[in-house]
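Visitor: sequence first, then the predicted structure:
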Amino acid sequence: MKTNIVTLLLLLFTCSFLNAQVKVAKIDRSLWPENLNSVENFDYASKMQILVYAKCFLEIQNLNNVEEIKAKYNIKSANVNSFSTWKKDQIQLILQNLHSIKSQTVLDKTIAINKNCTWQDVVKATEKLDKSIPANLKLWYANASDFSRQYANELARLAFLFPKTSSEILTLAPNEITGSNYADKEFLLTFDDGPTKENGNTDKLTATLKSLNLNGMFFVLGEQLQNRINATSTEKLNKLYSNNKLESHGKIHKSHQYLETWQESIDYTFGKIKTITDSKNSRSYFRPPYGQRTEKVANYLNSINASVLLWNIDSQDWNSKINASEVSDRVITLMLLWRKGVVLFHDIHPKANEALPVMVKSLNGSGILFMDANKF
């Protein structure tokens, strides 16, 4: 047991250390000269963001020297097979998202791309970017390129680490959800690690969501939930989360890939949730801390009619190196890039509460849909 505890502590320290080495990708959306408050404007910005990302993705797709990879990403091992799987997924998503743009005017604007483009068409379009970017987009293009290059490396690093260190980058089982299967422009808002103490960030965030006529899926920690029950009551917790969906983040915030008591952790929190909510939904959802889990965890969840719900849009709102304005800019940019999915926030931090109103205002009229969490 002592050895296992030491191993777990070393793992968590290593994860924290390696995360600290990765510079978070940030972008300045004020450099984009048009608003996003129409379907056409959103789709044009989306097309351009996808092409810039594709160009940066192409820069790293041929990485195969393991020693160079380990040095580049400051990691101890690199799984090139997982990286290869991730690359195939990226190409499929890029094509799928470009195919979702229906307006021929948008497809022809600035950098023309075929409505039913192939990957070869995308590659050719990226080769035109440097010479064809108009003057009013040059500052944005430089900034978007820096962002996309850093972001592509964020993802590549996770792919090289998978599955030794599991994450949201790839799935382990059929009942794992990332959001890539949603319809075009559908997004689910999710919030991790709460609840906070009474009148804290969780309370402020649920009030903000209500004022915006939105809701979200809150992945709570069982111990935090019990502490809040002890300090208030189950009735007050039910009122706090009313109109939102309450789901499990485990009992404690530790990796469920290595936690020996992972099943107890999952069951404990689902049990606590049932004492608070009267949800009639047949399926439950579990989000593993850090996204770390095993196939055994996924299979157990399936046996109790539950799924792993990961994410594909990481706000990085937990990161001290990014402020609330930068969080909203990052999330909007990733929504333009992926055009659908699960947005990861943390209600224990104040940045989501500050970023959400900005995001909603910026995207009003764009055609996007923040989905009703209670319909899952």
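Guide: Cool, got the structure. Residues are numbered from 1 along each chain as shown.
Visitor: any low-confidence regions in the chain?
Guide: 1-22, 279-281 (pLDDT under 70).
Visitor: work out which residue lies at the spatial centre of it.
Guide: residue 313 (2.5 Å; Cα atoms, centre = their mean).
Visitor: any idea how far that one lies from residue 167?
Guide: 14 Å (Cβ to Cβ, to the nearest Å). Just so you know, the C-beta spots here come from the backbone N, C-alpha and C atoms, and that holds for glycine as well.
Visitor: related to what we said a few turns ago, residue 344 is in contact with the residue nearest to the centre of the chain, correct?
Guide: Yes: applying Cβ atoms under 8 Å, one finds residue 313 in contact with residue 344, separated by 6.5 Å.
Visitor: quick check: domain ranges of the chain?
Guide: 29-161, 176-375 (automatic domain parsing).
Visitor: distance to residue 23 added to the ones you listed, as CSV?
Guide: Converted to CSV, the domains of the chain look like this (distance: least, Cβ to Cβ, whole Å):
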stretch, distance to residue 23
domain 29-161, 6
domain 176-375, 8
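Visitor: most packed of these?
Guide: Ranked by average neighbour count under the criterion mean count of other Cβ atoms under 10 Å, those are headed by domain 176-375 at a mean of 19.
Visitor: between its first and last residues, how far does it reach?
Guide: 17 Å (Cα to Cα, to the nearest Å).
Visitor: now it, how far from the centre of its chain.
Guide: Domain 176-375 sits 11 Å away from the centroid of its parent chain (Cα atoms, centre = their mean, to the nearest Å).
Visitor: got it, and stretch 75-82?
Guide: Distance of stretch 75-82 from the chain centroid (Cα atoms, centre = their mean) equals 22 Å.
Visitor: quick check: the closest residue in space to residue 264 that isn't next to it in sequence vs residue 241, distance?
Guide: Closest residue to residue 264 apart from its sequence neighbours, by Cβ to Cβ, 6 or more residues apart in numbering: residue 251 at 7.2 Å. The gap separating residue 251 from residue 241 is 18 Å, by Cβ to Cβ.
Visitor: with residue 144 instead?
Guide: Distance from residue 144 to residue 241, by Cβ to Cβ: 37 Å.
Visitor: and the contacts of stretch 219-231?
Guide: 190-198, 237, 246-253, 265, 268-269, 272-273, 275-276, 285-287, 309 (Cβ atoms under 8 Å, 6 or more residues apart in numbering).
Visitor: strands - which of those land there?
Guide: Those of the contacts of stretch 219-231 mapping onto strands are 190, 191, 192, 246, 247, 248, 285, 286, 309, per DSSP state E.
Visitor: between those, which is nearest residue 40?
Guide: residue 190 (28.9 Å; Cβ to Cβ).
Visitor: pretty sure residue 327 sits against residue 313.
Guide: No: counting by Cβ under 8 Å, residue 313 is not a contact partner of residue 327; they are 11.2 Å apart.
Visitor: now residue 236: closest residue in space, sequence neighbours ignored.
Guide: residue 198 is the one closest to residue 236 (Cβ to Cβ, 6+ apart), at 7.9 Å.
Visitor: ok so, going back, phi, psi of the residue nearest to the centre of the chain?
Guide: Per-residue torsions, residue 313: phi -130, psi 100 (degrees, to the nearest 10).
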